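Q: Just to be clear, the model below is a prediction. Sequence and coordinates:
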Amino acid sequence: MARLAPIPLAGMIAATATFALAATEANAQTTPTCPPETGSACRIDQTQTGEVTGEVNLDVAVGQLTVSNTATGNRVVGGIQSTSGAIVSRQTLTGTVSAGTPINLNGVSEGFVDSTTQAAGNQFQVSTDGATFDADVGQSARGDNVSARTNLHGPSTHILQGGRVATGATANAVAMGGPSTVLTGRVAQASQTTVFAETVADVQYVPAPLTFSADAQANTAQAVTTGASHQDLVINQTNAPSTVEARTSVYVDNAWNLAGRANASANRATLHNSGGSMIADTTQDNQGRVRAYTRVQTNLQGQTTAGARAVANEVVAGNNDIYLKLDNTQLNSGGVEATAEYVGVKGYDSYVSAEAAGNSVVGYTCSQCGGEVNVNNTQVNNGSVSATANVNIAQPGRAAVVGSNAVGNTATFYISRPGG
């Protein structure tokens, strides 16, 4: 398996441990700073009860377009380098968070079109470098909804250099890591809110690669450490009865290389380490509905991809060194649906895939290091799981590749080469 690069996180400060709060302008908060002494520790408590809204409205005719729209309820961003430290963070969201980006694009755009719209309920990010860091993170999202929407309207528009239009919504998110790090701690995430991400587009002509995507997640936790590093983490994620949905609906009259994707997950934990041991204890419980839906339509097309992926509980724990110990428990009682559709008139290749899973876990170590995997794994799926791929082409082109995969529980453990 290929080695993942470190997560790029903001806020790194040399030889100190500093943590800053970022809040919406409507609810600014005082910024605390942890003292730089070795062994420093601090506590941060955040509660967001009001509505947080980010909106960008565009009606433009431009050669190149770059859009960034982010709405966040509670946010902690920090960095620690060449020292040791600890943090206790508690984030509570009972309000709504929404980000909307309606774009009317006119005429001919000769440059790249790049649009990102994101809504996050609770967000915790820490960058580490040569550090020993312990985190105790608790996140709770119980507002009405966390939602993000992008609508690109250009029925007579030509986008000559292609582009990327991405929409994401996450209730609770944790991301930690960096080089030469000892990373320990606990992450507890609880969500009971509607999480919705939608990307809609109507464009006339695109003679270049153009990708549209929507990603919705209730709880997500990442830890990536490289070099001589070590992880010992406990992660507990719960998604109570609610709906997590990602939708992508795209029409391009004449597309040369078009992709539409939707990804939805209730609970996701992604852990990667190299240069030391990894110990992980993960517990995930989903009781809500998880749905991913993608529809792509063209009149003339060169290559078109439509993909949808929905997973209730997912853990990936990989160590490019000797030792992995993983205790994993996954319970799913919610419905999981993935639907991907392509409708075309005339053209060449089309690729359509739908994937759905109740519980999924992957663990690996390095074979050339004498890798060892020790796993205790329990998976129980009581929810319905469905994956549907549909293709409707009036004049079939060169190739149509269609696939669907639905599984209740899946577990994969293997030994891989370092970096390969």
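A: Nice, I can see it.
Q: what helices or strands is the longest strand seen in the chain leaning on?
A: Looking across the chain with DSSP state E, the single longest strand is strand 194-226. Counting contacts by 3 or more CB pairs under 8 Å, 6 or more residues apart in numbering; DSSP states H and E, strand 194-226 packs against strand 113-129, strand 145-159, strand 163-179, strand 182-191, strand 230-239, strand 243-273. For glycine as for every other residue, the C-beta is placed from the backbone atoms N, C-alpha and C.
Q: Now with 7 Å, please.
A: strand 145-159, strand 163-179, strand 182-191, strand 230-239, strand 243-273 (3 or more CB pairs under 7 Å, 6 or more residues apart in numbering; DSSP states H and E).
Q: So which bits of that strand are buried?
A: 194-206, 210-226 (16 or more other CB atoms under 10 Å).
Q: buried set for stretch 46-62?
A: Q46, Q48, E51, V52, G54.
Q: One more: stretch 227-242?
A: S229, H230, Q231, L233, V234, I235, N236, Q237, T238, N239, A240, S242.
Q: how about CSV for those, with distance to V62 added?
A: Converted to CSV, the buried residues of stretch 227-242 look like this (distance: CB to CB, whole Å):
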residue, distance to V62
S229, 44
H230, 49
Q231, 45
L233, 45
V234, 49
I235, 43
N236, 46
Q237, 41
T238, 44
N239, 40
A240, 44
S242, 39
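Q: ok so, going back, of the buried residues of stretch 46-62, just say which sits nearest to A340.
A: Nearest to A340 among these, counting by CB to CB, is G54 at 29.0 Å.
Q: From Y351, how far off is N263?
A: 16 Å (CB to CB, to the nearest Å).
Q: Compare neighbour counts for the two and give me the winner.
A: Applying other CB atoms under 10 Å to N263 and Y351 shows that N263 carries more neighbours, namely 23 against 19.
Q: hey, where'd the strands end up in the stretch 251-400 of the chain?
A: 278-286, 289-319, 323-332, 336-366, 372-381, 385-395, 400-416 (DSSP state E, counting those that start in this stretch).
Q: Please compute how far the third one lies from its chain's middle.
A: Pointing back at strand 323-332 there. Remark: strand 323-332 is offset 20 Å from the chain centroid, using CA atoms, centre = their mean, to the nearest Å.
Q: what do you get for the first one?
A: Relative to the centre of its chain, strand 278-286 is centred 18 Å away, using CA atoms, centre = their mean.
Q: by contact count, what packs against that strand?
A: Going by 3+ CB pairs under 7 Å, 6+ apart, strand 278-286 lies up against strand 230-239, strand 243-273, strand 289-319, strand 323-332.
Q: I'd like these as JSON lines, with distance to T412 and mean pLDDT appended.
A: Below are the helices and strands packed on strand 278-286 laid out as JSON lines (distance: least, CB to CB, whole Å; pLDDT from 0 to 100):
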{"stretch": "strand 230-239", "distance to T412": "19", "mean pLDDT": "97"}
{"stretch": "strand 243-273", "distance to T412": "14", "mean pLDDT": "97"}
{"stretch": "strand 289-319", "distance to T412": "10", "mean pLDDT": "96"}
{"stretch": "strand 323-332", "distance to T412": "12", "mean pLDDT": "96"}
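Q: closest one to V362 among those strands?
A: Short answer: strand 289-319, nearest of the helices and strands packed on strand 278-286 by CB to CB, at 4.8 Å.
Q: any idea how far the closest one is from the chain center?
A: Relative to its parent chain, strand 289-319 has a centroid offset of 13 Å by CA atoms, centre = their mean.
Q: what does stretch 101-119 give?
A: On CA atoms, centre = their mean, the centre of stretch 101-119 falls 21 Å from that of its chain.
Q: again, but for stretch 66-79
A: 14 Å.
Q: Report the rounded mean pLDDT for it.
A: The average pLDDT for stretch 66-79 rounds to 93.
Q: now stretch 114-132
A: 95.
Q: Adjust the sequence numbering to begin at 314 for everything that follows.
A: Right, with 314 as the first residue, what we last looked at is stretch 427-445.
Q: List the buried residues of that stretch.
A: 428-445.
Q: rewinding a little: let me have the helices and strands packed on strand 507-539 in TSV, extended by distance to N690.
A: Output for the helices and strands packed on strand 507-539, formatted as TSV (distance: least, CB to CB, whole Å):
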stretch	distance to N690
strand 458-472	30
strand 476-492	22
strand 495-504	19
strand 543-552	15
strand 556-586	14
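Q: So T596 sits against T642, correct?
A: Yes - using CB atoms under 7 Å, T596 is in contact with T642, at 4.8 Å.
Q: Make TSV from the helices and strands packed on strand 591-599 and add distance to G696 to it.
A: Output for the helices and strands packed on strand 591-599, formatted as TSV (distance: least, CB to CB, whole Å):
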stretch	distance to G696
strand 543-552	12
strand 556-586	10
strand 602-632	7
strand 636-645	5
